[in-house]
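J.: Turn this into a structure:
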Amino acid sequence: MAKKPLIPDQDALVRVGKSVRSRLADDPEAYRIETDKADLFAIGDFLTKSECDRLCTMIDLTAKPSILHEEGYDSGFRTSYSGNLDPRDSFVMGISRRIDDLLGINSICGEAIQGQRYLPGQQFKPHNDWFYATEAYWPLERKRGGQRSWTAMAFLNEVEEGGETHFTEIGIKIAPKPGVLLVWNNAKPDGHPNEDTIHAGTPVIKGTKYVITKWYRTRKWR
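T.: Numbers count the residues shown, from 1 in each chain. Okay, here's the model as predicted:
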């Protein structure tokens, strides 16, 4: 009898983790951030200034108070504004496909690109992008495409002060730089959740912060 996976989608997480990790390691444009705790890469100038400006405008038109499965906006855990960008828009489709091609992941596994805007004082407290199968939201997320494998997040503008992405367990803070794309694996090489990828959007002190994020599932996203 075949051994039952210890966690949902474990085999797929192992497979896609290895594939993307190898692809990025061979990409001269991808810089591997030095840590033995996670697969974490940065790609400079992934987006042009005009693309960043256009995405910021699109975010302004779609952003609403951010929520989580278990936390509302009023909890103070995630106080940004966010919204999914129209996946049928040709400009958004082009950006999305470039991220797909960079990672080598089938486009059907990618969620819609989400835009986020942080005003002074707004933040996203430490969290990870992993879905826990013990939580009440898991049956729905299992049907929607299963576990999240990789995350891709791009900075769109300079922030006067604050707004770093803080990987709290790794111990690094990455300041927003327009056009830079960060990508990381939410699982370990064996397919278990990597809690060292816990990260926070630190409070913006001065200015406004804009980012886009795209998450990838192990199966077709619905």
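
J.: what's the burial count for the residue nearest to residue 37 when sequence neighbours are not counted?
T.: For residue 37, ignoring the flanking residues on the chain, the nearest one in space by C-beta to C-beta, 6 or more residues apart in numbering is residue 196 at 4.0 Å. Quick note: C-beta positions are derived from backbone N, CA and C, even for glycine. When neighbours are defined as other C-beta atoms under 10 Å, residue 196 has 19 of them.

J.: where does residue 196 fall, phi/psi-wise?
T.: Main-chain dihedrals, residue 196, degrees, to the nearest 10: phi -70, psi -10.

J.: helix, strand or coil for residue 140?
T.: helix (DSSP: H, G, I helix; E, B strand; the rest coil).

J.: The one 3 residues further on too?
T.: At residue 143 the chain is in helix, as set by three-state DSSP.

J.: Distance check, it against residue 128.
T.: Using C-beta to C-beta, to the nearest Å, we find residue 143 at a distance of 21 Å from residue 128.

J.: For the lowest-mean-pLDDT helix or strand in the chain, enumerate the helices and strands it packs against.
T.: Within the chain, confidence by mean pLDDT, DSSP states H and E is lowest for strand 64-65 among all helices and strands, at a mean of 93. Using 3 or more C-beta pairs under 8 Å, 6 or more residues apart in numbering; DSSP states H and E as the contact test, the elements touching strand 64-65 are strand 81-84.

J.: Let me see the mean pLDDT of the strand it packs on.
T.: Average pLDDT, strand 81-84: 96.

J.: ditto for stretch 153-170
T.: With pLDDT averaged residue by residue, stretch 153-170 scores 98.

J.: Over to stretch 193-207?
T.: Computed over stretch 193-207, the mean pLDDT rounds to 98.
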